[in-house]
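Enquirer: structure for the following, please:
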Amino acid sequence: MILFKAGPPRTGRSRTTSSGPTTPWGPDHCPLRRALARGLRPGVLGALGTGLALHVGRSLLREVRRSRTTARSTQRMLRPPPRVDGLAVAAVQLSADRGARVGGDLYAVVATEYGVRAVIGDVRGHGVAAAPTVGAVLDGFREAVHDEPDLTGVLRRLERAMGRHLRERARAERLPAGTGHDFWTAEEFVTVLLLEILPDGRMRALNCGHPWPHLLSGARAEPVARTGPLPPLGPFPLPARLPLVSCGRLLPGDTLVLHTDGVEDARDADGTFFPLSEVLASAACEAVPPTPQSVLRTTLTALVRHTGGPPKDDVALLVLGNERPSSRAPSEPQGTAGHPGAADLSPTNPLQYPS
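Expert: Residues are numbered from 1 along each chain as shown. Coordinates of the predicted model:
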């Protein structure tokens with residue numbers, strides 16, 4: 001028999017003891033193993049894991065319910081009546097999130113004593129997550145349009161409403177506060193187009209980073225303006241001077257199409273952008289005069305065929321048709337013809353995807 005002489009004990013992070021090797025993952029270092037060594041059995045750990053899973057599940061469920069409540073409220077806000085102050089209305093909003101009823105696009109139309117005022121906007125992001133910001137902007141718009149005689153005052157109110165919403169969101173998310181610009185930390189913004197249509201058809205607008213509407217007159221479809229827009233609401237303060245842009249007239253029989261960039265930026269399989277102007281010109285020739293419903297149906301059908309399926313970005317279309325008589329009584333007060341009192345509208349039931 002050969003005997004080996006035991007050498008000196010090893011040095012380093014691992015050494016041999018009567019209870020086995022000690023390593024950084026041994027019972028002296030691993031909290032879980034220490035707990036098991038002290039008598040905490042797997043059954044107890046299973047119960048703790050189940051409790052944690054239930055807590056997380058309940059939190060997620062509450063968040064889903066809040067999101068659905070916000071989405072339902074926003075969807076109700078996006079349902080316009082078919083007519084306001086002599087203008088026929090048709091609209092649709094499609095979310096890029098499958099199964100979502102609302103997205104990050106917004107619109108509304110209100111008849112006021114100052115004329116018919118409309119808003120269309122696009123919140124950063126899409127789907128249900130953008131619904132709270134959509135609701136904040138629409139609430140601010142509906143409150144301001146009846147109080148502010150000038151469209152510039154409406155936009156200032158929207159800027160303040162957006163700032164309040166983003167600061168509240170930053171606090172809710174426990175984001176670090178800035179020096180007077182807390183909303184920067186939320187990385188949120190919204191493009192907005194404010195439009196005012198007077199009883200004689202004159203149109204004026206303020207544009208914060210949004211696509212210009214298209215006017216359908218005869219067989220032509222062209223943007224109402226081509227001037228550079230103001231910055232979107234959120235990341236930067238508006239300039240001190242807000243110049244109104246004259247957008248021509250919406251005459252009896254004319255149609256105005258407001259849209260978000262999800263329409264004109266839509267691409268087909270080859271990467272070709274959606275030809276919005278050509279499609280609108282075609283829609284104007286299909287019916288004389290075209291109705292908002294026919295223009296909306298033609299545009300949406302062409303869009304879905306172009307992309308080969310549902311949109312990859314949120315899409316909103318708001319179509320206004322002037323059905324007012326050719327002449328109006330001079331003594332007739334603004335904002336009341338064809339509609340007693342102020343009316344609020346913003347789409348008819350969303351259209352189904354065409355086959």
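
Enquirer: residue 295 sits in which helix or strand?
Expert: If you go by DSSP states H and E, residue 295 is part of helix 292-307.

Enquirer: what residues of that helix count as buried?
Expert: 292-304, 306-307 (16 or more other C-beta atoms under 10 Å). Backbone N, C-alpha and C define where each C-beta goes, glycine included.

Enquirer: nearest residue to residue 93 in space, please, no chain neighbours.
Expert: Among residues not flanking residue 93 along the chain, residue 316 sits closest, at 4.7 Å (C-beta to C-beta, 6 or more residues apart in numbering).

Enquirer: name the next helix or strand following the helix holding residue 295 along the chain.
Expert: Following helix 292-307 in sequence, per DSSP H and E, is strand 315-322.

Enquirer: give me the residue ranges of the stretch 201-350 of the chain where confidence is low.
Expert: Within the stretch 201-350 of the chain, the stretches with pLDDT under 70 are 327-350.

Enquirer: at 90 what do you get?
Expert: Within the stretch 201-350 of the chain, the ranges that satisfy pLDDT under 90 run 217-220, 234-236, 284-290, 309-314, 325-350.

Enquirer: the nearest residue to residue 197 once chain neighbours are set aside: which element?
Expert: Excluding the flanking residues, the one nearest residue 197 by C-beta to C-beta, 6+ apart is residue 116, at 4.4 Å. Here residue 116, judged by DSSP H and E, is contained in strand 115-123.

Enquirer: name the helices or strands packed onto the helix or strand just after that strand?
Expert: Using DSSP H and E, the next helix or strand after strand 115-123 towards the C-terminus is helix 131-144. If you count contacts as 3 or more C-beta pairs under 8 Å, 6 or more residues apart in numbering; DSSP states H and E, helix 131-144 packs onto helix 42-77, strand 105-112, strand 115-123, helix 151-172, strand 190-197.

Enquirer: mind running it again at 7 Å?
Expert: Helix 131-144 is packed against helix 42-77, strand 105-112, strand 115-123, helix 151-172, with contacts defined by 3 or more C-beta pairs under 7 Å, 6 or more residues apart in numbering; DSSP states H and E.

Enquirer: tell me who's in contact with residue 225.
Expert: Neighbouring residues of residue 225 by C-beta atoms under 7 Å, 6 or more residues apart in numbering: 205, 212, 245, 247.

Enquirer: nearest to residue 161 among these?
Expert: residue 205 (19.2 Å; C-beta to C-beta).

Enquirer: contacting residues around the helix or strand that closest one falls within?
Expert: Assignment of secondary structure by DSSP H and E places residue 205 within strand 202-208. Contact partners of strand 202-208, identified using C-beta under 7 Å, 6+ apart, comprise 151-152, 155, 191-197, 224-225, 229-233, 242, 244-250.

Enquirer: what pairs with the helix or strand that that strand is followed by, parallel or antiparallel?
Expert: For strand 202-208, the succeeding helix or strand toward the C-terminus, using DSSP H and E, is strand 214-217. Looking at strand 214-217 with DSSP bridges, its partner strands are strand 220-223 (antiparallel), strand 255-259 (antiparallel).
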